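S.K.: Fold the following, please.
(chains A and B)
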Amino acid sequence: MKILKVTGHALKYGDDINTDLIIPGKFLTLTDPKEMAKHAMEGLDPNFTKKCEDGIIVAGKNFGCGSSREQAPLALKYAGIKCVIAKSFARIFYRNAVNIGLPVLECEQAFDEIGENDVLEVYLEIGTIRNVSRGTIVRAQPLPKFIIEILEEGGLLNLLKKRIKNE
Amino acid sequence: MSTIVEKILAKSSGKNSVTAGEFVLSNVDVVFAHDGTALLAVESMQEIGIERVFDPSKVVFFIDHASPSPSPQISNIHSAMRKFAKKHGIRLYDVGSGICHQVLPEEGCVKPGSVIVGADSHTVTHGAFNAFATGVGSTDAAIAMSTGKLWFMVPESVKITVEGKFKDMVMSKDLVLHVLGEVKADGLTYKSVEYHGSCIDGMSVDSRMTIANMAVEMGAKCCPMELNSATEKWLKGRVSDFKEVKADKDASYVDELYVDASKLEPLVAAPSNVDNVKSVREVEGVEVDQVFIGSCTNGRIEDIKVAVKILGDRHVKARCIVIPASRRIYYEALNAGYIDKLVRAGCIVGFPTCGPCIGAHMGLLGDGEVAVSTSNRNFVGRMGSSSSKIYLASPATAAASALEGKIVDPRKYGEGR
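M.R.: Numbers count the residues shown, from 1 in each chain, chains lettered A, B, ... in the order given. Below is the predicted model of the structure:
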(Lines give C-alpha, C1' and ligand atoms only; values in the text may rest on other atoms or scores of the structure.)
Protein backbone atom coordinates (compact mmCIF):
# COMPACT_ATOMS: atom_id res chain seq x y z
CA MET A 1 0.00 0.00 0.00
CA LYS A 2 1.24 3.45 -0.91
CA ILE A 3 1.52 5.64 2.15
CA LEU A 4 0.81 9.32 1.58
CA LYS A 5 3.93 11.17 2.71
CA VAL A 6 4.88 14.84 2.68
CA THR A 7 8.33 16.24 3.30
CA GLY A 8 9.35 19.78 4.17
CA HIS A 9 10.87 22.18 6.69
CA ALA A 10 8.99 23.46 9.73
CA LEU A 11 7.67 27.02 9.86
CA LYS A 12 6.36 27.75 13.35
CA TYR A 13 3.45 30.04 14.21
CA GLY A 14 1.43 30.45 17.42
CA ASP A 15 -2.22 30.14 18.50
CA ASP A 16 -5.34 31.53 16.76
CA ILE A 17 -3.75 32.19 13.36
CA ASN A 18 -6.84 33.64 11.68
CA THR A 19 -7.86 33.78 8.04
CA ASP A 20 -7.33 37.55 7.90
CA LEU A 21 -3.67 36.91 8.72
CA ILE A 22 -3.42 34.03 6.25
CA ILE A 23 -4.92 36.11 3.42
CA PRO A 24 -6.28 39.61 4.17
CA GLY A 25 -9.74 40.46 2.80
CA LYS A 26 -8.36 43.05 0.42
CA PHE A 27 -6.68 40.31 -1.67
CA LEU A 28 -9.84 38.23 -2.13
CA THR A 29 -10.43 40.03 -5.40
CA LEU A 30 -7.37 38.35 -6.90
CA THR A 31 -8.67 35.47 -8.95
CA ASP A 32 -5.31 33.83 -9.64
CA PRO A 33 -4.28 31.77 -6.60
CA LYS A 34 -0.59 32.21 -7.52
CA GLU A 35 -0.99 35.98 -7.19
CA MET A 36 -2.87 35.52 -3.94
CA ALA A 37 -0.08 33.29 -2.61
CA LYS A 38 2.33 36.23 -2.85
CA HIS A 39 0.39 37.88 -0.01
CA ALA A 40 -0.01 34.83 2.22
CA MET A 41 0.67 35.50 5.91
CA GLU A 42 1.75 39.03 4.95
CA GLY A 43 0.51 40.77 8.09
CA LEU A 44 2.05 38.18 10.41
CA ASP A 45 5.39 37.43 8.79
CA PRO A 46 6.68 39.65 5.98
CA ASN A 47 9.38 37.06 5.17
CA PHE A 48 6.90 34.22 4.71
CA THR A 49 7.08 34.14 0.91
CA LYS A 50 10.88 33.82 1.03
CA LYS A 51 10.79 30.60 3.04
CA CYS A 52 7.42 29.00 2.35
CA GLU A 53 8.42 26.79 -0.61
CA ASP A 54 8.18 23.18 0.66
CA GLY A 55 7.29 24.45 4.13
CA ILE A 56 5.24 22.63 6.75
CA ILE A 57 3.41 24.98 9.08
CA VAL A 58 3.55 23.89 12.72
CA ALA A 59 1.12 25.94 14.79
CA GLY A 60 -0.72 26.16 18.09
CA LYS A 61 -4.45 25.91 18.69
CA ASN A 62 -7.40 27.11 16.57
CA PHE A 63 -5.50 27.47 13.29
CA GLY A 64 -7.56 29.11 10.52
CA CYS A 65 -10.20 30.70 12.74
CA GLY A 66 -12.40 33.44 11.34
CA SER A 67 -13.78 33.70 7.84
CA SER A 68 -14.99 30.86 5.62
CA ARG A 69 -12.75 32.03 2.77
CA GLU A 70 -11.40 29.05 0.89
CA GLN A 71 -8.75 31.42 -0.39
CA ALA A 72 -6.92 30.91 2.94
CA PRO A 73 -5.87 27.27 2.40
CA LEU A 74 -5.54 27.98 -1.34
CA ALA A 75 -3.05 30.79 -0.71
CA LEU A 76 -0.99 28.51 1.54
CA LYS A 77 -1.09 25.64 -0.96
CA TYR A 78 -0.01 27.84 -3.86
CA ALA A 79 2.70 29.42 -1.70
CA GLY A 80 4.27 25.96 -1.53
CA ILE A 81 3.07 24.82 1.89
CA LYS A 82 2.93 21.01 1.94
CA CYS A 83 1.00 20.45 5.14
CA VAL A 84 -0.31 22.26 8.22
CA ILE A 85 0.15 20.64 11.62
CA ALA A 86 -1.65 22.33 14.51
CA LYS A 87 -2.82 21.61 18.03
CA SER A 88 -6.35 22.23 16.72
CA PHE A 89 -8.11 23.76 13.71
CA ALA A 90 -11.15 25.96 13.19
CA ARG A 91 -13.74 23.74 11.54
CA ILE A 92 -14.37 25.63 8.28
CA PHE A 93 -10.64 25.98 7.56
CA TYR A 94 -10.13 22.26 8.20
CA ARG A 95 -12.89 21.28 5.83
CA ASN A 96 -11.74 23.76 3.17
CA ALA A 97 -8.12 22.58 3.39
CA VAL A 98 -9.15 18.96 2.82
CA ASN A 99 -11.46 19.99 -0.03
CA ILE A 100 -8.68 21.80 -1.89
CA GLY A 101 -6.10 19.11 -1.16
CA LEU A 102 -3.94 20.72 1.52
CA PRO A 103 -3.08 18.10 4.17
CA VAL A 104 -3.97 19.11 7.73
CA LEU A 105 -2.96 17.14 10.79
CA GLU A 106 -4.00 17.59 14.40
CA CYS A 107 -1.20 17.07 16.90
CA GLU A 108 -0.95 18.29 20.48
CA GLN A 109 2.82 17.81 20.95
CA ALA A 110 4.23 18.85 17.57
CA PHE A 111 4.54 22.52 18.48
CA ASP A 112 6.72 21.80 21.51
CA GLU A 113 8.80 19.03 19.97
CA ILE A 114 9.58 20.58 16.58
CA GLY A 115 11.92 23.53 16.06
CA GLU A 116 11.85 26.21 13.35
CA ASN A 117 13.34 24.83 10.14
CA ASP A 118 13.51 21.20 11.36
CA VAL A 119 13.17 18.84 8.40
CA LEU A 120 10.01 16.74 8.72
CA GLU A 121 8.55 13.68 7.04
CA VAL A 122 4.80 13.42 7.64
CA TYR A 123 2.98 10.12 7.13
CA LEU A 124 -0.67 11.14 6.95
CA GLU A 125 -2.42 7.77 7.08
CA ILE A 126 -0.67 6.62 10.22
CA GLY A 127 -0.44 10.07 11.79
CA THR A 128 3.30 9.98 12.25
CA ILE A 129 5.70 12.90 12.00
CA ARG A 130 9.38 11.99 11.65
CA ASN A 131 11.64 14.83 12.70
CA VAL A 132 14.67 14.15 10.49
CA SER A 133 16.75 16.97 12.00
CA ARG A 134 16.37 15.69 15.56
CA GLY A 135 15.90 11.99 14.86
CA THR A 136 12.63 11.89 16.79
CA ILE A 137 9.08 10.74 16.12
CA VAL A 138 5.91 12.65 17.01
CA ARG A 139 2.54 10.93 16.96
CA ALA A 140 -0.47 12.76 15.56
CA GLN A 141 -4.12 11.94 14.94
CA PRO A 142 -4.18 9.73 11.80
CA LEU A 143 -6.48 10.93 9.01
CA PRO A 144 -9.59 8.89 8.21
CA LYS A 145 -9.65 6.98 4.94
CA PHE A 146 -12.12 9.22 3.12
CA ILE A 147 -9.94 12.27 3.79
CA ILE A 148 -6.83 10.43 2.57
CA GLU A 149 -8.75 9.55 -0.59
CA ILE A 150 -9.51 13.24 -1.21
CA LEU A 151 -5.92 14.30 -0.50
CA GLU A 152 -4.49 11.63 -2.79
CA GLU A 153 -6.39 13.14 -5.69
CA GLY A 154 -5.32 16.67 -4.74
CA GLY A 155 -8.77 17.73 -3.59
CA LEU A 156 -12.47 16.95 -3.61
CA LEU A 157 -13.13 18.32 -7.10
CA ASN A 158 -10.43 16.13 -8.64
CA LEU A 159 -11.88 13.12 -6.86
CA LEU A 160 -15.39 13.93 -8.12
CA LYS A 161 -14.08 14.47 -11.66
CA LYS A 162 -12.40 11.08 -11.54
CA ARG A 163 -15.58 9.43 -10.23
CA ILE A 164 -17.77 11.09 -12.88
CA LYS A 165 -15.29 9.95 -15.56
CA ASN A 166 -15.31 6.37 -14.26
CA GLU A 167 -19.11 6.14 -14.07
CA MET B 1 -33.34 12.92 24.36
CA SER B 2 -32.32 15.08 21.39
CA THR B 3 -30.85 18.56 21.02
CA ILE B 4 -32.13 21.02 18.38
CA VAL B 5 -29.33 20.23 15.94
CA GLU B 6 -29.79 16.47 16.34
CA LYS B 7 -33.49 16.79 15.49
CA ILE B 8 -32.95 19.04 12.47
CA LEU B 9 -30.17 16.89 11.00
CA ALA B 10 -32.11 13.67 11.61
CA LYS B 11 -35.05 14.99 9.61
CA SER B 12 -32.89 16.50 6.84
CA SER B 13 -31.02 13.23 6.37
CA GLY B 14 -34.15 11.07 6.43
CA LYS B 15 -33.48 9.36 9.73
CA ASN B 16 -35.58 8.88 12.84
CA SER B 17 -32.83 10.12 15.11
CA VAL B 18 -29.14 10.92 15.05
CA THR B 19 -26.65 11.53 17.83
CA ALA B 20 -23.56 13.70 18.15
CA GLY B 21 -20.52 12.28 16.37
CA GLU B 22 -22.55 10.59 13.63
CA PHE B 23 -21.94 11.49 9.98
CA VAL B 24 -24.99 12.33 7.89
CA LEU B 25 -25.67 13.22 4.27
CA SER B 26 -28.17 16.04 4.67
CA ASN B 27 -30.53 17.75 2.26
CA VAL B 28 -29.94 21.47 2.04
CA ASP B 29 -32.92 23.89 2.00
CA VAL B 30 -31.02 27.03 1.03
CA VAL B 31 -27.48 27.58 -0.20
CA PHE B 32 -26.02 31.03 -0.75
CA ALA B 33 -22.78 32.79 -1.60
CA HIS B 34 -21.60 36.40 -1.95
CA ASP B 35 -19.10 38.43 -3.93
CA GLY B 36 -16.21 37.22 -1.76
CA THR B 37 -16.95 33.52 -2.29
CA ALA B 38 -19.42 32.94 -5.17
CA LEU B 39 -16.93 33.08 -8.02
CA LEU B 40 -14.76 30.33 -6.56
CA ALA B 41 -17.89 28.18 -6.13
CA VAL B 42 -18.96 28.83 -9.71
CA GLU B 43 -15.48 27.96 -10.98
CA SER B 44 -15.54 24.76 -8.92
CA MET B 45 -18.84 23.74 -10.52
CA GLN B 46 -17.45 24.43 -13.96
CA GLU B 47 -14.29 22.48 -13.16
CA ILE B 48 -16.20 19.29 -12.49
CA GLY B 49 -18.42 19.97 -15.49
CA ILE B 50 -21.70 20.49 -13.64
CA GLU B 51 -23.91 22.69 -15.75
CA ARG B 52 -26.91 23.32 -13.52
CA VAL B 53 -27.93 24.11 -9.96
CA PHE B 54 -30.02 21.49 -8.15
CA ASP B 55 -32.99 23.83 -7.59
CA PRO B 56 -32.87 27.47 -8.74
CA SER B 57 -35.36 28.49 -6.04
CA LYS B 58 -32.98 27.32 -3.32
CA VAL B 59 -29.77 28.99 -4.47
CA VAL B 60 -29.24 32.68 -3.70
CA PHE B 61 -26.42 35.12 -4.51
CA PHE B 62 -25.66 38.39 -2.75
CA ILE B 63 -23.50 41.27 -3.87
CA ASP B 64 -22.77 42.68 -0.44
CA HIS B 65 -19.13 42.48 0.55
CA ALA B 66 -17.81 45.34 -1.59
CA SER B 67 -20.96 46.87 -2.92
CA PRO B 68 -21.21 49.06 -4.99
CA SER B 69 -17.90 48.01 -6.42
CA PRO B 70 -14.85 50.05 -5.43
CA SER B 71 -12.63 48.68 -8.24
CA PRO B 72 -12.81 47.34 -11.81
CA GLN B 73 -11.62 43.90 -10.59
CA ILE B 74 -14.52 43.65 -8.15
CA SER B 75 -16.92 44.92 -10.83
CA ASN B 76 -15.83 41.96 -12.95
CA ILE B 77 -16.64 39.57 -10.10
CA HIS B 78 -20.07 41.19 -9.76
CA SER B 79 -20.66 40.89 -13.53
CA ALA B 80 -19.73 37.20 -13.50
CA MET B 81 -22.18 36.60 -10.63
CA ARG B 82 -25.01 38.38 -12.47
CA LYS B 83 -24.30 36.37 -15.59
CA PHE B 84 -24.38 33.07 -13.66
CA ALA B 85 -27.57 34.05 -11.82
CA LYS B 86 -29.34 34.98 -15.05
CA LYS B 87 -28.25 31.80 -16.81
CA HIS B 88 -29.43 29.55 -13.99
CA GLY B 89 -32.50 31.52 -12.98
CA ILE B 90 -31.39 31.99 -9.39
CA ARG B 91 -32.12 34.99 -7.20
CA LEU B 92 -29.40 37.60 -6.93
CA TYR B 93 -29.66 40.47 -4.45
CA ASP B 94 -27.69 43.17 -6.17
CA VAL B 95 -25.86 46.29 -5.00
CA GLY B 96 -27.81 48.19 -2.37
CA SER B 97 -29.98 45.29 -1.18
CA GLY B 98 -27.92 44.64 1.91
CA ILE B 99 -25.84 42.08 3.75
CA CYS B 100 -26.71 38.43 3.05
CA HIS B 101 -27.39 37.54 6.68
CA GLN B 102 -29.89 40.37 7.00
CA VAL B 103 -31.58 40.06 3.61
CA LEU B 104 -31.98 36.27 3.62
CA PRO B 105 -34.40 36.21 6.60
CA GLU B 106 -36.06 39.50 5.57
CA GLU B 107 -36.91 37.92 2.22
CA GLY B 108 -38.49 34.90 3.89
CA CYS B 109 -35.77 32.45 2.90
CA VAL B 110 -35.11 31.26 6.46
CA LYS B 111 -37.60 28.74 7.81
CA PRO B 112 -37.46 27.40 11.35
CA GLY B 113 -36.13 23.84 11.37
CA SER B 114 -34.46 24.18 7.96
CA VAL B 115 -30.89 23.51 6.82
CA ILE B 116 -29.05 26.56 5.52
CA VAL B 117 -25.57 26.55 4.08
CA GLY B 118 -23.75 29.76 3.20
CA ALA B 119 -20.32 30.43 1.82
CA ASP B 120 -19.72 32.81 4.69
CA SER B 121 -18.73 32.05 8.26
CA HIS B 122 -21.47 34.23 9.76
CA THR B 123 -24.17 31.99 8.30
CA VAL B 124 -24.64 30.88 11.93
CA THR B 125 -26.73 34.09 12.30
CA HIS B 126 -29.81 32.26 10.96
CA GLY B 127 -29.84 30.11 14.07
CA ALA B 128 -31.80 33.03 15.54
CA PHE B 129 -34.73 31.72 13.46
CA ASN B 130 -34.38 28.12 14.67
CA ALA B 131 -32.50 26.96 11.56
CA PHE B 132 -29.44 24.74 11.37
CA ALA B 133 -27.25 27.25 9.56
CA THR B 134 -23.53 26.91 9.03
CA GLY B 135 -20.74 28.47 7.01
CA VAL B 136 -18.81 26.50 4.42
CA GLY B 137 -16.09 27.15 1.87
CA SER B 138 -16.60 27.61 -1.84
CA THR B 139 -16.04 23.94 -2.79
CA ASP B 140 -18.68 22.78 -0.31
CA ALA B 141 -21.00 25.54 -1.53
CA ALA B 142 -20.46 24.35 -5.11
CA ILE B 143 -21.35 20.80 -4.15
CA ALA B 144 -24.45 21.96 -2.25
CA MET B 145 -25.47 24.18 -5.19
CA SER B 146 -25.18 21.34 -7.66
CA THR B 147 -26.46 18.38 -5.61
CA GLY B 148 -28.61 19.92 -2.87
CA LYS B 149 -26.78 17.75 -0.37
CA LEU B 150 -23.81 18.03 1.95
CA TRP B 151 -22.26 15.76 4.56
CA PHE B 152 -22.01 16.86 8.17
CA MET B 153 -20.81 15.45 11.40
CA VAL B 154 -23.61 15.91 13.94
CA PRO B 155 -22.08 18.28 16.49
CA GLU B 156 -22.19 17.97 20.25
CA SER B 157 -24.28 20.67 21.89
CA VAL B 158 -23.53 23.21 24.61
CA LYS B 159 -26.31 24.91 26.55
CA ILE B 160 -26.03 28.51 27.66
CA THR B 161 -28.81 29.67 29.96
CA VAL B 162 -29.29 33.41 30.31
CA GLU B 163 -31.70 34.62 32.97
CA GLY B 164 -32.73 38.11 33.97
CA LYS B 165 -32.80 41.47 32.22
CA PHE B 166 -30.06 43.73 30.88
CA LYS B 167 -29.42 46.98 32.71
CA ASP B 168 -29.84 50.21 30.74
CA MET B 169 -27.22 50.61 27.95
CA VAL B 170 -26.23 46.96 28.16
CA MET B 171 -27.00 45.12 24.93
CA SER B 172 -26.95 41.57 23.56
CA LYS B 173 -23.52 42.35 22.09
CA ASP B 174 -22.24 42.67 25.65
CA LEU B 175 -23.75 39.28 26.47
CA VAL B 176 -22.10 37.57 23.53
CA LEU B 177 -18.77 39.26 24.30
CA HIS B 178 -19.09 38.05 27.89
CA VAL B 179 -19.65 34.46 26.71
CA LEU B 180 -16.74 34.79 24.28
CA GLY B 181 -14.49 35.94 27.12
CA GLU B 182 -15.57 32.91 29.15
CA VAL B 183 -15.32 30.14 26.55
CA LYS B 184 -12.56 31.74 24.39
CA ALA B 185 -12.10 31.76 20.62
CA ASP B 186 -11.74 28.00 20.27
CA GLY B 187 -13.93 27.01 23.21
CA LEU B 188 -16.88 25.76 21.16
CA THR B 189 -15.08 24.43 18.08
CA TYR B 190 -17.35 22.04 16.17
CA LYS B 191 -20.15 22.48 18.72
CA SER B 192 -23.76 23.55 18.41
CA VAL B 193 -24.59 26.32 20.87
CA GLU B 194 -28.10 26.58 22.26
CA TYR B 195 -29.09 29.72 24.15
CA HIS B 196 -32.01 29.31 26.54
CA GLY B 197 -33.50 31.24 29.47
CA SER B 198 -35.83 34.13 30.22
CA CYS B 199 -33.45 36.76 28.83
CA ILE B 200 -33.38 35.05 25.41
CA ASP B 201 -37.16 34.47 25.51
CA GLY B 202 -37.80 38.15 26.01
CA MET B 203 -35.30 39.33 23.43
CA SER B 204 -35.91 41.19 20.15
CA VAL B 205 -35.08 39.55 16.82
CA ASP B 206 -32.30 42.10 16.26
CA SER B 207 -30.63 41.20 19.55
CA ARG B 208 -30.96 37.46 18.97
CA MET B 209 -29.32 37.74 15.58
CA THR B 210 -26.30 39.47 17.16
CA ILE B 211 -25.86 36.57 19.56
CA ALA B 212 -26.19 33.83 16.94
CA ASN B 213 -23.93 35.78 14.58
CA MET B 214 -20.93 35.68 16.91
CA ALA B 215 -21.20 31.97 17.74
CA VAL B 216 -18.63 31.35 15.01
CA GLU B 217 -16.17 33.55 16.91
CA MET B 218 -16.15 30.77 19.55
CA GLY B 219 -15.55 28.20 16.84
CA ALA B 220 -19.15 26.94 16.88
CA LYS B 221 -20.72 25.17 13.94
CA CYS B 222 -24.22 26.49 14.51
CA CYS B 223 -26.41 28.31 17.02
CA PRO B 224 -30.00 27.12 16.65
CA MET B 225 -32.37 28.93 19.03
CA GLU B 226 -35.95 28.08 19.95
CA LEU B 227 -38.42 30.68 18.70
CA ASN B 228 -39.78 33.34 21.04
CA SER B 229 -42.85 35.54 20.61
CA ALA B 230 -40.90 38.41 18.98
CA THR B 231 -39.44 36.03 16.40
CA GLU B 232 -42.79 34.36 15.70
CA LYS B 233 -44.32 37.78 15.10
CA TRP B 234 -41.41 38.78 12.84
CA LEU B 235 -41.73 35.61 10.77
CA LYS B 236 -45.47 36.18 10.13
CA GLY B 237 -46.02 37.16 6.52
CA ARG B 238 -42.48 36.13 5.66
CA VAL B 239 -42.61 32.35 5.98
CA SER B 240 -45.38 29.86 6.48
CA ASP B 241 -45.70 26.12 6.63
CA PHE B 242 -42.95 25.31 9.08
CA LYS B 243 -42.50 23.43 12.30
CA GLU B 244 -40.34 24.78 15.08
CA VAL B 245 -37.77 22.36 16.47
CA LYS B 246 -37.35 22.40 20.24
CA ALA B 247 -34.77 20.58 22.32
CA ASP B 248 -36.06 17.74 24.47
CA LYS B 249 -36.10 18.42 28.19
CA ASP B 250 -33.61 15.59 28.73
CA ALA B 251 -31.39 16.44 25.75
CA SER B 252 -27.73 15.74 26.27
CA TYR B 253 -25.25 18.63 26.48
CA VAL B 254 -21.48 18.31 26.79
CA ASP B 255 -21.26 21.55 28.71
CA GLU B 256 -23.50 24.16 30.31
CA LEU B 257 -22.99 27.80 31.17
CA TYR B 258 -25.19 30.12 33.21
CA VAL B 259 -25.28 33.88 32.80
CA ASP B 260 -27.13 36.42 34.95
CA ALA B 261 -27.95 39.17 32.43
CA SER B 262 -28.60 41.74 35.15
CA LYS B 263 -24.96 41.53 36.26
CA LEU B 264 -23.50 42.33 32.82
CA GLU B 265 -21.89 45.64 32.03
CA PRO B 266 -20.69 47.17 28.71
CA LEU B 267 -17.75 45.18 27.34
CA VAL B 268 -15.23 45.35 24.51
CA ALA B 269 -13.04 42.83 22.75
CA ALA B 270 -9.71 44.67 22.84
CA PRO B 271 -7.09 44.29 20.07
CA SER B 272 -6.42 41.92 18.43
CA ASN B 273 -8.33 38.81 19.41
CA VAL B 274 -12.07 38.37 19.73
CA ASP B 275 -11.70 36.76 23.15
CA ASN B 276 -9.58 39.55 24.61
CA VAL B 277 -12.67 40.74 26.45
CA LYS B 278 -12.50 43.62 28.95
CA SER B 279 -15.03 45.89 30.58
CA VAL B 280 -15.39 49.30 28.96
CA ARG B 281 -14.28 50.81 32.28
CA GLU B 282 -10.88 49.14 31.90
CA VAL B 283 -10.18 50.77 28.54
CA GLU B 284 -12.03 54.04 29.04
CA GLY B 285 -10.15 57.06 27.71
CA VAL B 286 -8.39 55.28 24.82
CA GLU B 287 -8.42 57.78 21.94
CA VAL B 288 -10.48 56.75 18.94
CA ASP B 289 -10.03 57.82 15.29
CA GLN B 290 -13.00 56.02 13.78
CA VAL B 291 -16.25 54.47 14.91
CA PHE B 292 -18.14 52.00 12.75
CA ILE B 293 -21.76 51.13 13.49
CA GLY B 294 -22.97 48.46 11.08
CA SER B 295 -22.28 44.91 9.79
CA CYS B 296 -24.26 41.65 10.03
CA THR B 297 -23.55 41.76 13.77
CA ASN B 298 -24.96 45.19 14.67
CA GLY B 299 -26.33 47.08 11.68
CA ARG B 300 -30.00 46.70 12.49
CA ILE B 301 -32.71 49.23 13.40
CA GLU B 302 -32.37 48.63 17.16
CA ASP B 303 -28.64 49.37 16.87
CA ILE B 304 -29.18 52.57 14.90
CA LYS B 305 -31.92 53.62 17.30
CA VAL B 306 -29.72 53.34 20.38
CA ALA B 307 -26.94 55.26 18.61
CA VAL B 308 -29.37 58.07 17.72
CA LYS B 309 -30.62 58.17 21.29
CA ILE B 310 -27.10 58.56 22.68
CA LEU B 311 -26.00 61.11 20.11
CA GLY B 312 -29.03 63.35 20.78
CA ASP B 313 -28.40 66.87 19.53
CA ARG B 314 -24.66 66.58 20.06
CA HIS B 315 -21.91 66.32 17.44
CA VAL B 316 -19.42 63.46 17.12
CA LYS B 317 -15.71 64.02 17.78
CA ALA B 318 -14.42 60.85 16.09
CA ARG B 319 -15.42 60.18 12.48
CA CYS B 320 -18.44 57.92 12.72
CA ILE B 321 -19.56 55.68 9.87
CA VAL B 322 -23.06 54.22 10.14
CA ILE B 323 -24.13 51.56 7.65
CA PRO B 324 -27.61 49.99 7.84
CA ALA B 325 -27.39 46.26 7.15
CA SER B 326 -30.11 46.26 4.49
CA ARG B 327 -32.19 48.54 2.28
CA ARG B 328 -35.22 47.77 4.46
CA ILE B 329 -33.37 48.91 7.57
CA TYR B 330 -32.11 52.00 5.77
CA TYR B 331 -35.67 52.84 4.77
CA GLU B 332 -36.98 52.22 8.28
CA ALA B 333 -34.27 54.47 9.70
CA LEU B 334 -35.12 57.11 7.13
CA ASN B 335 -38.82 57.03 7.99
CA ALA B 336 -38.13 57.16 11.71
CA GLY B 337 -36.00 60.28 11.24
CA TYR B 338 -32.82 58.53 12.41
CA ILE B 339 -30.82 59.23 9.25
CA ASP B 340 -31.57 62.93 9.60
CA LYS B 341 -30.35 62.88 13.20
CA LEU B 342 -27.22 60.90 12.36
CA VAL B 343 -26.25 63.30 9.58
CA ARG B 344 -26.87 66.31 11.83
CA ALA B 345 -24.64 64.69 14.48
CA GLY B 346 -21.85 64.57 11.91
CA CYS B 347 -22.02 60.86 11.09
CA ILE B 348 -21.32 59.47 7.64
CA VAL B 349 -24.29 57.31 6.66
CA GLY B 350 -23.51 54.70 4.02
CA PHE B 351 -25.47 52.42 1.73
CA PRO B 352 -25.89 48.79 2.84
CA THR B 353 -22.61 46.86 2.45
CA CYS B 354 -20.21 44.83 4.58
CA GLY B 355 -17.70 47.53 3.68
CA PRO B 356 -15.20 48.44 6.39
CA CYS B 357 -15.87 45.33 8.53
CA ILE B 358 -13.87 43.17 6.13
CA GLY B 359 -11.55 45.96 5.00
CA ALA B 360 -13.19 46.10 1.58
CA HIS B 361 -14.06 49.79 1.25
CA MET B 362 -15.91 52.70 2.91
CA GLY B 363 -13.44 53.68 5.60
CA LEU B 364 -10.29 51.60 5.93
CA LEU B 365 -7.97 52.35 8.84
CA GLY B 366 -4.53 53.93 8.36
CA ASP B 367 -1.30 53.10 10.18
CA GLY B 368 -1.69 53.17 13.94
CA GLU B 369 -5.33 54.28 13.83
CA VAL B 370 -7.77 53.08 16.49
CA ALA B 371 -11.36 52.07 15.80
CA VAL B 372 -14.37 51.12 17.86
CA SER B 373 -16.49 48.83 15.72
CA THR B 374 -19.80 47.05 16.24
CA SER B 375 -18.69 44.27 13.89
CA ASN B 376 -17.44 40.79 14.76
CA ARG B 377 -13.67 40.53 14.31
CA ASN B 378 -10.77 42.66 15.54
CA PHE B 379 -7.97 40.67 13.90
CA VAL B 380 -4.74 42.39 12.82
CA GLY B 381 -5.31 44.21 9.52
CA ARG B 382 -8.98 43.24 9.30
CA MET B 383 -10.19 46.81 8.71
CA GLY B 384 -7.09 48.19 6.99
CA SER B 385 -3.49 48.77 8.03
CA SER B 386 -1.87 45.97 10.00
CA SER B 387 -0.78 48.51 12.62
CA SER B 388 -4.35 49.74 13.20
CA LYS B 389 -6.28 48.58 16.25
CA ILE B 390 -9.92 47.52 16.60
CA TYR B 391 -12.10 47.44 19.73
CA LEU B 392 -15.31 45.48 19.21
CA ALA B 393 -18.24 46.90 21.14
CA SER B 394 -22.01 47.36 21.27
CA PRO B 395 -23.67 50.15 19.27
CA ALA B 396 -24.24 52.00 22.57
CA THR B 397 -20.55 51.95 23.47
CA ALA B 398 -19.64 52.82 19.88
CA ALA B 399 -21.96 55.86 19.77
CA ALA B 400 -20.82 57.17 23.17
CA SER B 401 -17.19 56.76 22.07
CA ALA B 402 -17.89 58.59 18.81
CA LEU B 403 -19.30 61.53 20.78
CA GLU B 404 -16.20 61.97 22.92
CA GLY B 405 -13.48 60.78 20.53
CA LYS B 406 -12.37 58.24 23.11
CA ILE B 407 -13.72 55.02 24.54
CA VAL B 408 -16.56 55.88 26.92
CA ASP B 409 -18.95 53.85 29.07
CA PRO B 410 -22.40 54.39 27.46
CA ARG B 411 -24.13 54.26 30.84
CA LYS B 412 -23.02 57.87 31.17
CA TYR B 413 -25.65 58.66 28.54
CA GLY B 414 -28.26 56.27 29.91
CA GLU B 415 -31.48 56.86 31.79
CA GLY B 416 -29.93 56.73 35.21
CA ARG B 417 -27.31 59.41 34.48
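
S.K.: In contact with residue B:375, which residues?
M.R.: Under the criterion of C-beta atoms under 8 Å, 6 or more residues apart in numbering or on different chains, the contact partners of residue B:375 comprise B:292, B:294-295, B:297-298, B:356-357, B:383, B:392. Quick note: C-beta positions are derived from backbone N, CA and C, even for glycine.

S.K.: Quickly check those residues for the two that are furthest apart.
M.R.: With C-beta to C-beta as the measure, no two of the contacts of residue B:375 lie farther apart than B:298 and B:383, at 14.6 Å.

S.K.: and these two? which has more neighbours close in?
M.R.: For residue B:298 versus residue B:383, neighbours defined as other C-beta atoms under 10 Å in any protein chain shown are more numerous around residue B:298 (33 against 27).

S.K.: pretty sure the more buried one is in contact with residue B:357, am I right?
M.R.: No. Look at residue B:298 against residue B:357 with C-beta atoms under 8 Å: they stay out of range, at 10.0 Å.

S.K.: who in the stretch 251-400 of chain B is up against chain A?
M.R.: Contact residues (C-beta under 8 Å from any C-beta of the partner chain) of the stretch 251-400 of chain B with chain A: B:273, B:358-360, B:377, B:379-382, B:386.

S.K.: Between all of these, which two are separated the most?
M.R.: Pairwise distances across those peak at 21.6 Å for B:273 and B:360 (criterion: C-beta to C-beta).

S.K.: phi, psi of the closest residue to residue B:278 other than its chain neighbours?
M.R.: By the measure of C-beta to C-beta, 6 or more residues apart in numbering or on different chains, the closest residue to residue B:278 outside its immediate chain neighbours is residue B:270, 5.2 Å from it. Dihedral pair for residue B:270: phi -80, psi 160, per degrees, to the nearest 10.

S.K.: For residue B:270, give me its contacts.
M.R.: Counting by C-beta under 8 Å, 6+ apart, residue B:270 makes contact with B:276-278, B:283, B:378, B:391.

S.K.: ok, now with 6 Å
M.R.: For residue B:270, the set of contacting residues under the criterion of C-beta atoms under 6 Å, 6 or more residues apart in numbering or on different chains consists of B:276, B:278, B:391.

S.K.: Now a ChimeraX select for only the buried ones of these.
M.R.: Of those, the buried ones can be selected in ChimeraX as follows, counting by 16 or more other C-beta atoms under 10 Å in any protein chain shown:
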select /B:276,391
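
S.K.: Could you find the closest non-adjacent residue to residue A:4?
M.R.: What sits nearest to residue A:4 in space, not counting adjacent residues and going by C-beta to C-beta, 6+ apart, is residue A:124, at 4.6 Å.

S.K.: what pLDDT does the one you found get?
M.R.: Taken from the predicted model, the pLDDT recorded for residue A:124 is 93.

S.K.: What residues does the nearest residue to residue A:16 once chain neighbours are set aside make contact with?
M.R.: If the residues on either side of it in the chain are set aside, residue A:16 comes closest to residue A:62, at 4.8 Å by C-beta to C-beta, 6+ apart. When contacts are counted by C-beta under 6 Å, 6+ apart, residue A:62 touches A:16, A:88, A:90, B:185-186.

S.K.: Could you single out the nearest of those residues to residue A:119?
M.R.: Distance to residue A:119 across the contacts of residue A:62 (C-beta to C-beta) is lowest for residue A:88, with 24.4 Å.

S.K.: Correct me if wrong: the closest one contacts residue A:61.
M.R.: Yes. Between residue A:88 and residue A:61 a contact is recorded at 4.6 Å, counting by C-beta atoms under 6 Å.
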